[in-house]
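Participant: got a predicted structure plus its sequence, pasted below:
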Amino acid sequence: MPERSRVRAPQQDRSRITRQLLLETTIDSLAAQGWVATTVGSVARQAGVSRGAAQHHFPTREDLITGALEYMGEKRLIQAREAAGAVPDGTDRPYAVARLIVDFYTDELFKAALHVWTAAASDEELRARVLPFENRFSREVFGIAMGLLGADREDSDARRAVQATLDLARGLGLADLLSDDSARREQVVEFWGRQLAALAPAAP
């Protein structure tokens, strides 16, 4: 193997590792400290890399945040698909589907995304970057829920029930951002599972 090839591979590995570290640190910073405190400089310090190295991967804050959103979105979808594989059959299935969706919108990754949503509400350029990701992820979760419930996509009641579940879960995620809402959330999920059972019965 030529010397140049032997050198390039480790450098590429280090670059990939640094990029992933910056993305994960950005997500942690957004969830814990919010939008204002999450800058390229602060993320670089928390990740233990130089600002120059951070800007090599993400020249601007918007690039960093967009990259983090895409990264966290992929992680969220992987988690949702894995959880979907563990959803039980039978009468508990609608409740389990409601639980899966609510968990999807109340975890730390979603809390990080919420901070970006808030900033994007008053920043047109950021909103243009954020919306395609969130729309894609919402469609994916919608499809997962419809499939788990064995619902016909042409069934308007089933579609409305699943969309209402997504909207409900986002609201619960917002409430949990302000305070620990887990106790009341459990009651809501149990109630809503019954609604899904009535509107979109689980497949055998």
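Facilitator: Now that the structure is in, tell me what you want to look at.
Participant: poorly predicted segments of this protein, please.
Facilitator: Within the chain, the segments meeting pLDDT under 70 span 1-11, 199-204.
Participant: now the strands: where do they sit in it?
Facilitator: With strands called from DSSP state E, the chain shows none.
Participant: report all helices and strands that the helix ranked longest in it contacts.
Facilitator: In the chain, taking DSSP state H as the definition, the longest helix is helix 3-33. Packing partners of helix 3-33 (3 or more Cβ pairs under 8 Å, 6 or more residues apart in numbering; DSSP states H and E): helix 40-47, helix 51-57, helix 61-85, helix 108-120. Glycine gets a C-beta too; all of them are placed from N, C-alpha and C.
Participant: phi, psi of Y105?
Facilitator: phi -100, psi 10 (degrees, to the nearest 10).
Participant: now do E154
Facilitator: When read as degrees, to the nearest 10, the backbone of E154 gives phi -90, psi -10.
Participant: what about it, how many residues close to it?
Facilitator: 7 (other Cβ atoms under 10 Å).
Participant: and A98, how many neighbours?
Facilitator: Neighbours of A98 (other Cβ under 10 Å): 26.
Participant: wait, it sits on T165?
Facilitator: Yes. Between A98 and T165 there is a contact under Cβ atoms under 8 Å: 6.1 Å.
Participant: spell out which residues are contacts of both of these two.
Facilitator: Shared contacts of A98 and T165 (Cβ atoms under 8 Å, 6 or more residues apart in numbering): 192, 196.
Participant: before we move on, back to that, the inter-axis angle of the longest helix of the chain versus helix 61-85?
Facilitator: Here the directions of helix 3-33 and helix 61-85 differ by 80 degrees (axes from the mean of the first three to the mean of the last three Cα atoms, to 10 degrees).
Participant: list the buried residues of helix 3-33.
Facilitator: 18-19, 21-31 (16 or more other Cβ atoms under 10 Å).
Participant: swap in stretch 65-75?
Facilitator: For stretch 65-75, by 16+ other Cβ under 10 Å, it's 65-73.
Participant: now the residues you listed in JSON lines, with distance to A86?
Facilitator: Converted to JSON lines, the buried residues of stretch 65-75 look like this (distance: Cβ to Cβ, whole Å):
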{"residue": "I65", "distance to A86": "32"}
{"residue": "T66", "distance to A86": "31"}
{"residue": "G67", "distance to A86": "30"}
{"residue": "A68", "distance to A86": "27"}
{"residue": "L69", "distance to A86": "26"}
{"residue": "E70", "distance to A86": "26"}
{"residue": "Y71", "distance to A86": "24"}
{"residue": "M72", "distance to A86": "21"}
{"residue": "G73", "distance to A86": "21"}
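Participant: among those, which one lies nearest to D176?
Facilitator: Compare each of these with D176 using Cβ to Cβ and the shortest gap goes to M72, at 16.8 Å.
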